[in-house]
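[1] Structural data only, the sequence is not supplied:
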């Protein structure tokens with residue numbers, strides 16, 4: 001089952017929200033430890049900038065993988081459908097996927 005764009009956005013947003021909260025906490029602890037003095041407002045602005053970038057990255061990566069998943073032929077590989085067409089042997093697995101791995105139809 002492929003994931004809709006809306007669900008991809010919800011998943012990415014949830015992940016990025018968790019990352020935003022973690023980054024605020026880490027900035028509050030780590031910045032002073034390395035000698036960076038920032039105000040709470042500066043920390044929030046910085047976290048918002050990186051969060052927006054992270055959301056775009058996460059959404060784009062998710063959509064690329066959904067697109068790549070659609071290109072695969074059911075039954076275990078992108079070449080199986082091509083082989084089945086050439087050999088005329090469209091084996092059917094127990095899950096119902098077309099595959100060249102089965103025996104001839106009717107056997």
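    Now that the structure is in, tell me what you want to look at. From a predicted model like this one, the values you see are computed outputs, not experimental measurements.
[2] longest helix of the protein?
    For the chain, the helix reaching the highest residue count under DSSP state H is reported as helix 40-71.
[3] packing partners for that one?
    On a contact count with 3 or more Cβ pairs under 8 Å, 6 or more residues apart in numbering; DSSP states H and E, helix 40-71 meets helix 5-33. The way it works is simple: take the backbone N, C-alpha and C, and place the C-beta from them, glycine included.
[4] What residues does the closest residue to residue 50 other than its chain neighbours make contact with?
    Nearest residue to residue 50, sequence neighbours excluded (Cβ to Cβ, 6 or more residues apart in numbering): residue 23, at 6.6 Å. Counting by Cβ atoms under 8 Å, 6 or more residues apart in numbering, residue 23 makes contact with 47, 50, 51.
[5] Look up how far residue 29 lies from residue 23.
    Residue 23 is 11 Å from residue 29, where distance means Cβ to Cβ, to the nearest Å.
[6] ok, now residue 63?
    With distances defined as Cβ to Cβ, the gap from residue 63 to residue 29 amounts to 34 Å.
[7] that's a strand at residue 36, yeah?
    No: counting by DSSP: H, G, I helix; E, B strand; the rest coil, one finds residue 36 to be coil, located in no strand.
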